[in-house]
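**Q** Sequence first, predicted model second:
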Amino acid sequence: AQKVTQAQTEISVVEKEDVTLDCVYETRDTTYYLFWYKQPPSGELVFLIRRNSFDEQNEISGRYSWNFQKSTSSFNFTITASQVVDSAVYFCALSDLSGNTPLVFGKGTRLSVIA
Amino acid sequence: DVKVTQSSRYLVKRTGEKVFLECVQDMDHENMFWYRQDPGLGLRLIYFSYDVKMKEKGDIPEGYSVSREKKERFSLILESASTNQTSMYLCASSLPTVVPAEQYFGPGTRLTVT
């Protein structure tokens, strides 16, 4: 069975600090996909990134970066120089190769960035 | 701009009422999903649909049913609402690609059953 664990329930940081959100996953599949979504206070989840299991290169997009490590089954998300607008709930999710298999979500991490 | 809309942002219903939550997407997506979100439990899948008139049970289908008569619309039905169905309900849609596609989410409906 697939499982996603986000051990950090809530994190609070001061603006401009760097913060890392942890995501650990479990799957028996050799090919799978990992996602991160952001849920701002408005409620609508917003897609951030999708990564397949064959691509272990780190990804950077502006202040966001993702570290995928197959050896530890982790797909961690780092925000550099955090801003108040980064305050949200962040979800990590997992899916197998089938395009129609629903995502399995972690329980989310609530990030509060304080000015 | 892609859009998933949900009929209500907030809804208050009484125990035993039949409740309809509507979701409409304008992206011509085949796949549609209903989740509920509860504090400490994250998102849990209730039902999903790969095409018109098709439906699949998710992880927590008990007490719910769905209807997909048109491609753009996916309705979640609470046959007899109970207080433990008080929750945030999120609808999503995606394309049926070979690899898992990103899901587009609606703003959610916060349902309170009293």
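**A** Everything's here; your move.
**Q** near chain A, which residues of chain B?
**A** Within reach of chain A by CB under 8 Å from any CB of the partner chain, chain B has these residues: B:9, B:31, B:33, B:35, B:40-45, B:48, B:50, B:58, B:88, B:90, B:92, B:96-108. C-beta coordinates here come from the backbone N, C-alpha and C atoms, glycine included.
**Q** again, only using 7 Å
**A** Applying CB under 7 Å from any CB of the partner chain, we find that chain B lies next to chain A at B:31, B:33, B:40-43, B:45, B:48, B:50, B:58, B:90, B:96-103, B:105-108.
**Q** just checking, which of those residues belong to strands?
**A** Counted as lying in strands by DSSP state E, out of those, are B:31, B:33, B:42-43, B:45, B:48, B:90, B:105.
**Q** now, among the residues you listed, which is nearest to residue A:12?
**A** Set against residue A:12, the nearest of these by CB to CB is residue B:42 (19.5 Å).
**Q** Could you give the number of residues near that closest one?
**A** 20 (other CB atoms under 10 Å in any protein chain shown).
**Q** what pairs with the lowest-mean-pLDDT helix or strand in chain A, and is each one parallel or antiparallel?
**A** Within chain A, no helix or strand scores below strand A:59-61, which has a mean of 90 by mean pLDDT, DSSP states H and E. Strand pairing for strand A:59-61, using DSSP bridges, gives strand A:64-69 (antiparallel).
**Q** Alpha carbons of the strand it pairs with, in PDB - could you do that?
**A** Output of strand A:64-69 as PDB, limited to C-alpha atoms (Å, rounded to 0.1, in the frame of the first residue of the first chain):
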ATOM      1  CA  TYR A  64      11.400  26.900  -3.900                       C
ATOM      2  CA  SER A  65      13.600  23.800  -4.200                       C
ATOM      3  CA  TRP A  66      12.900  20.100  -3.900                       C
ATOM      4  CA  ASN A  67      15.300  17.400  -2.800                       C
ATOM      5  CA  PHE A  68      14.300  13.900  -3.900                       C
ATOM      6  CA  GLN A  69      16.300  11.000  -2.300                       C
END
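**Q** So what angle separates the directions of the helix or strand following it and strand A:64-69?
**A** Where DSSP states H and E defines the elements, the next helix or strand beyond strand A:64-69 is strand A:74-79. Angle of strand A:74-79 versus strand A:64-69, following axes from the mean of the first three to the mean of the last three CA atoms, to 10 degrees, is 160 degrees.
**Q** who does strand A:74-79 touch, helix- and strand-wise?
**A** In terms of contacts (3 or more CB pairs under 7 Å, 6 or more residues apart in numbering or on different chains; DSSP states H and E), strand A:74-79 is packed against strand A:19-21, strand A:64-69.
**Q** neighbouring contacts of the longest one?
**A** The one in question is strand A:64-69. The list of residues contacting strand A:64-69 from outside it, by CB atoms under 7 Å, 6 or more residues apart in numbering or on different chains, reads A:34, A:36, A:48-49, A:51, A:56, A:58-59, A:75-80.
**Q** Just the buried residues of these.
**A** Among the contacts of strand A:64-69, those scoring as buried are A:34, A:36, A:48-49, A:51, A:75-79 (criterion: 16 or more other CB atoms under 10 Å in any protein chain shown).
**Q** got the residues of chain A near chain B?
**A** For chain A, the residues in contact with chain B (CB under 7 Å from any CB) are A:33, A:42-45, A:47, A:50, A:91, A:95, A:99-103, A:105-108.
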